[in-house]
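[1] got a structure for you, letters missing:
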């Protein structure tokens, strides 16, 4: 079984998030970690995986070329951060299959452009996805909520104190790996809880 042996972080509700960061090489097998995420989301009952994508953009003449550079995936208990190779390698077929899973819903903040870029640049299709802002706007009858970022949305729905995340984000450039992993874990946990709250 894949071991999430990165640092763990306690959330304000007492939940403990275990992390793992991987620099994906051609020989790296990421499938055990993806399987562990699937098991965790099924075990938690709502079959949701929170995702966030990061892109490299290169301008060629007048056209921009987008390449997926890293992926953050979170469940209730786990946070996986994958730094992806350039160019993509065969082991990323596991990531393609993972995103195509029909057993889970991939939940993200303002993900519409990401979904288009995934398909256009890498041929990746996420079969079941949900823009959490749209769900929140509909559930709360407040259209403006759809356009909020992670922290603002979580504050509106959950009323959690965001100061811990703000302090990490403010020093992101000089932050060490553990600070960045903590920020990734907190953001994933926040959106997971927003989704869970809206499902009730």
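    Received it, and whenever you're ready, just let me know what you need. Owing to the predicted nature of the structure, the values given are computational and were not obtained by experimental measurement.
[2] contacting residues around the residue nearest the centre of the chain?
    What sits nearest the mean C-alpha location of the chain, by CA atoms, centre = their mean, is residue 51, with 2.3 Å. Residues in contact with residue 51, defined by CB atoms under 8 Å, 6 or more residues apart in numbering, are 71, 72, 73, 74, 106, 107, 108, 111. C-beta: built from backbone N, CA, C; applies to glycine.
[3] how many neighbours does the closest residue to residue 84 other than its chain neighbours have?
    Once flanking residues are discounted, residue 84 sits nearest to residue 24: 5.4 Å by CB to CB, 6 or more residues apart in numbering. Counted with other CB atoms under 10 Å, residues neighbouring residue 24 total 20.
[4] go on, the one 3 residues further on?
    Taking other CB under 10 Å as the neighbour definition, residue 27 ends up with a count of 7.
[5] secondary structure element holding it?
    Using DSSP states H and E, residue 27 sits in no helix or strand.
[6] now swap in the one 10 residues further on and tell me
    Residue 37 is located in helix 31-43, with elements delineated by DSSP H and E.
[7] could you give the average pLDDT over that helix?
    The pLDDT scores in helix 31-43 average 92.
[8] ok, stretch 129-140 next?
    The model assigns stretch 129-140 a mean pLDDT of 90.
[9] the closest residue to residue 8 other than its chain neighbours pairs with what?
    Once flanking residues are discounted, residue 8 sits nearest to residue 18: 4.8 Å by CB to CB, 6+ apart. Beta-bridge partners for residue 18, by DSSP bridges, are residue 8, residue 78.
[10] now do residue 18 against residue 106, distance only.
    Residue 18 is 20 Å from residue 106, where distance means CB to CB, to the nearest Å.
[11] rewinding a little: helices and strands around the helix holding residue 37, which ones?
    Here helix 31-43 touches strand 48-60, strand 78-83, helix 93-99, going by 3 or more CB pairs under 8 Å, 6 or more residues apart in numbering; DSSP states H and E.
[12] tabulate those (a markdown table), appending distance to residue 136.
    What follows is these, written out as a markdown table (distance: least, CB to CB, whole Å):
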| stretch | distance to residue 136 |
| --- | --- |
| strand 48-60 | 14 |
| strand 78-83 | 22 |
| helix 93-99 | 23 |
